[in-house]
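[1] I would like to see how this sequence folds:
(one chain, ligands or ions: 2)
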Amino acid sequence: MTDTIKLADPGLLKNRALIDGAWVAADNEATFAVTDPATGEVLAHVASLGVAETRRAIAAAESAQRQWQAKSGKERAHILHAWYNAILANLEDLAVLMTREQGKPLVESRGEIQYAAAFVEWFAEEAKRITGDVSQHPQADKRILVLKQAVGVCVAITPWNFPAAMITRKVAPALAAGCSIMVKPASQTPLSALALATLAERAGMPRGLIQVLTGNARVIGGELTASPLVRKLSFTGSTEIGRTLMAQSATTIKRLSLELGGNAPFIVFDDADLHAAVEGAIAAKFRNSGQTCVCANRILVQDGIYDAFVDAFAARVSKLHVGNGLDPLTEQGPLIDAAAVAKVEELLADAEMRGARVATGGKPHALGGTFYQPTVLADATSHMRVAHEEIFGPVAPVFRFRDEAEAIALANDTEFGLAAYVYTRDLGRSWRVSEALEYGMVGLNTGLISNEVAPFGGIKQSGIGREGSRYGIDEYLELKYICTQL
Ligand SMILES: NC(=O)C1=CN([C@@H]2O[C@H](COP(=O)(O)OP(=O)(O)OC[C@H]3O[C@@H](n4cnc5c(N)ncnc54)[C@H](OP(=O)(O)O)[C@@H]3O)[C@@H](O)[C@H]2O)C=CC1
Ligand SMILES: O=C(O)[C@H](O)CS(=O)(=O)O
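    Numbers count the residues shown, from 1 in each chain. Ligands and ions are numbered 1, 2, ... in the order given. Here you go, the predicted structure:
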């Protein structure tokens, strides 16, 4: 373990996986490197588990789950609240760890830790409110009872862009429902998951209930999806991998929650508040340097306000401060890796070849590495790849539209259906457009829609199920119907 990460509590920096309450190296001692995307420094060499370790984890998960589901919701809530408090008590260390391994500005990392903790707090409360019902039977001498019971052994496979929130958004409802869960974090950002699991241990979480399996995704994922003991998979990541995991889970008919890719339209009508729309577009596009699934991927602006919007938006974007996430002035960190930069460059070249105009940015940043200039592209059209592919970087293509009908048609012209945003001050239009948009989530005059109380998720090829909110715990519960003779 290198000493490049300075934490108040060095015990939070783990490079071993967590199996059945033990911090273990791989059986063959294999490791993989975790690097700082801003500097290229190697932060840690983390255990790279294989099949045998994964099978041991599955056995431990089954045993732990049987004991855990026998506890009351109140008992489960008590431990979840302790975990919530432990996360907040170590917020600064967790934020520094995240910025080092993922690159986002420290202020965003702090925000994500609070967001991650909020899911633990929310589902600690939900744990005590799992109810069923008793109904009349068609026959007077019988009764219908409906219980909600834990799904059982669960798996979470999570992405690098939100290394803490995507863990607790799955682990918290699973534990609240009485499940056990094995987490396979992204190999680029495992340190946050390992730190969260360390805090869960300290909070009194029983051994084997949360396990963190680091290493080769295909090997570990293959074992987890093949096992009939695993009853549920919750995945956040690309649609491509979501399809793979869905297919692998079909053999054993697992329950699935899939949070996949997006292609969010950000629609600005002539009657919108221009300043609010520009600020909303900044928030929706450039959070995490554009590396979120709900980022505005296409900015659609009505003809009457188009030029004024592009000028104001480009002026604002040109002032975004790019730098190392540890620098308090930084508003835009590096992209996660060179492949992400290459993808952005490819999409930009295609757009410019097909007539887009760079209003600001458009090149790798002078800092080098994976830093990229926040970019606004004017005169974007549906003939360009940026109209149909998830950019996952700090590039905002701005498209024109004439009227409401065209805006809705353009917005819905995609296989994705995660998030959409609408800026208008017309009440009727806000209802008509929100209802017509084929998306799981709509931001009305706001560019920030994510919180623990809202049902987060998409339709079409953006996924299945909802996370957070009072609906999120149902993903980890089964209904049991009991018919009783009086
Ligand atoms: N809808 C949503 O909420 C979100 C969607 N996304 C989408 O994910 C993409 C970017 O995130 P990214 O992490 O690159 O997505 P990936 O789908 O590549 O990876 C996500 C996770 O899946 C794992 N994984 C990759 N291949 C396999 C496999 N064959 N079997 C099992 N697990 C596998 C990865 O492990 P490893 O790192 O070891 O390869 C990682 O932990 C974008 O498309 C983005 O839109 C991202 C975040 C949120
Ligand atoms: O991984 C993501 O992109 C997150 O789901 C986005 S959010 O929940 O932070 O909005």
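
[2] OK, contacts around the closest residue to ligand 2 within the stretch 301-450 of the chain?
    Closest contact between the stretch 301-450 of the chain and ligand 2, by Cβ to the nearest ligand atom, is at Ser450 (3.2 Å). The way it works is simple: take the backbone N, C-alpha and C, and place the C-beta from them, glycine included. Contact partners of Ser450, counting by Cβ atoms under 8 Å, 6 or more residues apart in numbering, are 115, 294, 456.

[3] name the SS class of it, please.
    Counting by DSSP: H, G, I helix; E, B strand; the rest coil, the backbone at Ser450 sits in coil.

[4] and the pLDDT for it?
    Ser450 is assigned 98 on the pLDDT scale.

[5] from Ala195, how far off is it?
    22 Å (Cβ to Cβ, to the nearest Å).

[6] just Cys154 next, same as before
    If you measure Cys154 against Ala195 using Cβ to Cβ, the figure is 21 Å.

[7] report the distance from stretch 428-436 to the chain centre.
    Here the centre of stretch 428-436 is set off from its chain's centre by 27 Å, with Cα atoms, centre = their mean, to the nearest Å.

[8] same question for stretch 176-191.
    In terms of Cα atoms, centre = their mean, the centre of stretch 176-191 is found 13 Å from the chain centre.

[9] do it and ligand 1 meet?
    Yes - looking at stretch 176-191 against ligand 1 by Cβ under 6 Å from any ligand atom, the contacts come from 184, 186-188.

[10] list just the nearest of those residues to ligand 2.
    In terms of Cβ to the nearest ligand atom, no member of those lies closer to ligand 2 than Ala186, at 10.5 Å.

[11] let's see the pLDDT reported for the residue positioned nearest the centre of the chain.
    Per Cα atoms, centre = their mean, the C-alpha nearest to the average position across the chain is that of Met166, at 4.6 Å. Predicted confidence (pLDDT) at Met166: the value is 98.

[12] confirm that it sits in a helix.
    Yes - with three-state DSSP as the criterion, Met166 is part of a helix.

[13] so what's the spatially closest residue to it that is not a sequence neighbour up against?
    The shortest distance from Met166 to any residue other than its chain neighbours is 4.2 Å, reached at Thr158 (Cβ to Cβ, 6 or more residues apart in numbering). Thr158 makes contact with 166-167, 170, 183-186, 193, 235-237 under the criterion Cβ under 8 Å, 6+ apart.

[14] out of those, who has the most neighbours?
    Neighbour count (other Cβ atoms under 10 Å) singles out Met166 as the most crowded of the contacts of Thr158, with 31 neighbours.

[15] my guess is it meets Ser257, correct?
    No - with contact taken as Cβ atoms under 8 Å, Met166 and Ser257 are classed as non-touching, separated by 11.6 Å.

[16] distance of the residue nearest to the centre of the chain from Gln485?
    From Met166 over to Gln485 (counting by Cβ to Cβ), the distance is 47 Å.

[17] next to ligand 1, which bits of the stretch 1-150 of the chain? Give me the list.
    Counting by Cβ under 6 Å from any ligand atom, the stretch 1-150 of the chain has no residue next to ligand 1.

[18] how about the strands in the stretch 51-200 of the chain?
    Across the stretch 51-200 of the chain, reading from the start of the chain, the strands by DSSP state E, counting those that start in this stretch fall at 133-136, 142-150, 153-157, 180-184.

[19] these: which one's closest to Val42?
    When the strands of the stretch 51-200 of the chain are ranked by proximity to Val42, the top entry is strand 180-184, at 21.4 Å, counting by Cβ to Cβ.

[20] ok, now which ones touch the residue nearest to Gly11 when sequence neighbours are not counted?
    In this structure, Gly11 finds its nearest non-sequential neighbour in Thr198, 6.8 Å apart by Cβ to Cβ, 6+ apart. Contacts for Thr198 were tallied using Cβ under 8 Å, 6+ apart; they are 11-12, 14.

[21] enumerate the residues of the stretch 301-450 of the chain near ligand 1.
    Those residues of the stretch 301-450 of the chain that sit near ligand 1, judged by Cβ under 6 Å from any ligand atom, are 390, 392, 418.

[22] try it again at 5 Å.
    The stretch 301-450 of the chain has no residues near ligand 1, with proximity defined as Cβ under 5 Å from any ligand atom.

[23] for the stretch 151-300 of the chain, same thing?
    In this structure, the stretch 151-300 of the chain approaches ligand 1 at residues 157, 159-161, 186-187, 217-218, 221, 236-238, 241, 259, 261, 293, judged by Cβ under 5 Å from any ligand atom.

[24] in ChimeraX, select just the buried ones from those residues.
    Once 16 or more other Cβ atoms under 10 Å is used to decide burial, the buried members of these can be selected in ChimeraX as follows:
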select :157,159,160,161,186,187,217,221,236,237,241,259,261,293
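
[25] hmm, back to that, now, which of the contacts of Ser450 sits nearest Asp403?
    Distances from Asp403 to the contacts of Ser450, taken as Cβ to Cβ, are shortest for Val294 (26.0 Å).
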